[in-house]
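>>> Here is the input, now give the coordinates:
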Amino acid sequence: MKVIIDLIEDIHTAINNDKSFSLASMGLKEEKSGEFFPSWESGICSMKVDDAQRRLFLFLGKDQPLYIGDLLEDLNALSNEKMMYEVCVSYSKKNRRYDNALIGFAESFEEKKYFVYVSE
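Below is the predicted model of the structure:
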């Protein structure tokens, strides 16, 4: 499980808060060997803080991608208490909603994308 402050700190360390990076998610599938392999990739187009569930939801979509600059502007305005909210990627598949907790982060300087990883 990753929380909002983990995301903020990794963005700072990995890409030096580069506002031109877009945010994307990658699903990882665990093989019998215990290794993880990418199974899908999608852009993240919006976010929502849910105080009742104490979670930040990142929503997949084909709309305009969410850029790091916009994400950080919203996250840095949150209270210290909210920095401990769990971060989840939310998407629909076969008419069912999935809210998957983050398991890691990565970046692609070539594609100017910052990835959040979720397990399938």
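>>> what residues does the helix ranked longest in the chain touch?
Longest helix of the chain, by residue count under DSSP state H: helix 4-15. With CB atoms under 8 Å, 6 or more residues apart in numbering as the test, helix 4-15 has contacts from 17, 21, 56, 68, 71-72, 75-76, 78, 82-85, 87, 102, 105-107, 109, 114, 116. (Glycine included, C-beta is placed from N, CA and C.)
>>> again, only this time at 6 Å
The contact list for helix 4-15 (CB atoms under 6 Å, 6 or more residues apart in numbering) reads Phe21, Leu56, Leu75, Met83, Tyr85, Val87, Phe105, Glu107, Tyr114.
>>> The fourth one looks like it's in a helix, true?
Same thing as Met83. Yes. Met83: assigned to a helix according to DSSP: H, G, I helix; E, B strand; the rest coil.
>>> What's the local residue count around the nearest residue in space to it that is not next to it in sequence?
Distances taken as CB to CB, 6 or more residues apart in numbering put Ile5 closest to Met83, at 4.2 Å, once the chain neighbours are dropped. Residues within reach of Ile5, counting by other CB atoms under 10 Å, total 16.
>>> go on, Asp51?
9.
>>> and it, what pLDDT?
For Asp51, the model assigns a pLDDT of 97.
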